[in-house]
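Below are the sequence and a predicted model for it; my questions follow.
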Amino acid sequence: MTPAEQTGERITAAAEAWLAAHVPGYAGPGRLHKFGFGQSNPTYRLSTATKDYVLRRKPFGQLLPKAHAIEREFRVLAVLRDTDVPVPRVHALCEDASLLGAAFYVMDFVPGRSFYDQRLPGLAPSERAAIFDGMNDAIARLHRVDPLAIGLADYGRPEGFIERQIAVWTKQYRASEGDRIPAMEGLIDWLPRNLPAPQPPAVFHGDLRLDNMIFHPTEPRVIAVLDWELSTLGDPIADFAYNCMFWRVGADLFRGFQDLDLAGLGIPTEAAYVEKYCARTGRSALPAFNFYLAFSMFRLAAILQGVWRRARDGNASAADAADVGARAAPLAAIGWAIAQSKA
């Protein structure tokens with residue numbers, strides 16, 4: 001860490017004035033310390049003498065259409081704060097890019113534990129089992145929320161959700177693609193022809209990974225679900241399947257555990273994890289789950305292709321963006337194999 005990173009980056013006088021006017025109790029001056037994670041919206045710890053906050057902003061430069069929608073993040077976090085879904089408290093949204101070079105919002109800093117590697121190295125098997133159960137519970141809490149009852153009826157168009165998602169991520173992929181990926185071409189053709197029956201809509205997070213959750217410092221429960229920029233109203237099975245992809249991914253590809261000893265580690269099997277989610281959401285089963293897994297692999301591959309493109313264009317948020325983006329092709333290959341399977 002450089003001395004500049006240790007002391008943090010000073011923010012402009014105009015930004016200080018805006019924060020003092022819009023964030024209750026804000027007492028600057030503040031300094032921004034960039035978190036070492038995140039491929040999409042740069043995220044900072046905003047430190048003052050009396051309190052720490054989190055500031056998330058859009059990346060600088062030209063962005064893909066509808067990407068980096070922090071305005072939607074801010075809205076859904078504000079609404080979900082009044083439910084039993086664990087989210088941080090948001091304070092203010094600034095859409096004036098002149099203050100920090102891009103739109104941003106400010107929320108509470110939530111102290112707790114973050115797990116980047118979902119294999120959870122260093123934990124005992126019983127602790128791993130409890131963490132996975134806590135993650136499952138947080139997702140079920142979200143999908144039990146009635147979006148109409150909390151004022152989110154206009155937050156998305158659930159009709160034709162999966163079909164539109166396939167089209168959106170195909171378009172995003174085409175906008176970022178480099179070398180041809182045959183598995184992506186196969187999925188782009190196969191997915192629209194094998195759509196499952198529509199599901200009752202729920203609040204769709206869009207990136208339900210372990211590393212997007214903050215756990216209590218000592219208890220195995222989620223106290224904040226983060227990174228809501230992809231959220232909308234949509235199919236909850238698609239949202240949950242994205243969380244389940246890593247049972248199908250090897251440890252050397254994307255921190256998965258397809259080739260690990262789950263029982264020895266204390267990680268539940270995919271079937272047991274799905275069963276627990278079903279029990280918590282009142283479902284008997286998850287229909288067409290292989291379709292949803294294939295779609296999730298396709299979607300993640302499209303996202304990573306965008307990460308690769310930003311790295312190539314010199315506009316990446318994280319230093320390892322090129323390496324992360326290179327995983328699009330092997331993830332697409334796994335998705336294509338799932339799509340072709342009879343299970």
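Done, it's in. Residues are numbered from 1 along each chain as shown.

What is the longest helix of the chain by residue count?
What stands out as the longest helix in the chain, according to DSSP state H, is helix 289-312.

how about that helix: buried residues?
289-311 (16 or more other CB atoms under 10 Å). All C-beta spots, glycine's among them, are computed from the backbone N, C-alpha and C.

thought residue 107 was touching residue 88?
Yes - shown here, residue 107 and residue 88 form a contact pair, counting by CB atoms under 8 Å, at 4.7 Å.

Give me the more crowded residue out of the two.
For residue 107 and residue 88, the more surrounded residue by other CB atoms under 10 Å is residue 107, and the numbers stand at 25 against 19.

which residues of the stretch 151-300 of the chain fall in strands?
202-204, 213-215, 222-225, 232-234 (DSSP state E, counting those that start in this stretch).

Point out where the chain drops to low pLDDT.
1-8, 36-39, 60-68, 308-325, 342-343 (pLDDT under 70).

May I have the residues that are in contact with the residue most central in space within the chain?
Nearest to the mean C-alpha position of the chain, by CA atoms, centre = their mean, lies residue 207 at 2.8 Å. Taking CB atoms under 8 Å, 6 or more residues apart in numbering, we find residue 207 in contact with 227, 229, 230, 242.

One more pass at 6 Å, please.
Residues near residue 207 by CB atoms under 6 Å, 6 or more residues apart in numbering: 227, 230.

Can you report phi and psi for it?
When read as degrees, to the nearest 10, the backbone of residue 207 gives phi -150, psi 50.

And it, how far from residue 58?
16 Å (CB to CB, to the nearest Å).

and residue 116, backbone torsions?
According to degrees, to the nearest 10, residue 116 has phi -70, psi -40.

Neighbours of it, how many?
With other CB under 10 Å as criterion, residue 116 counts 11.

Which strands or helices does the longest helix of the chain pack on?
Counting contacts by 3 or more CB pairs under 6 Å, 6 or more residues apart in numbering; DSSP states H and E, helix 289-312 packs against helix 161-176, helix 236-244, helix 321-325, helix 328-340.

hang on, isn't residue 90 packed against residue 108?
No - between residue 90 and residue 108 there is no contact, the gap being 7.8 Å when judged by CB atoms under 6 Å.
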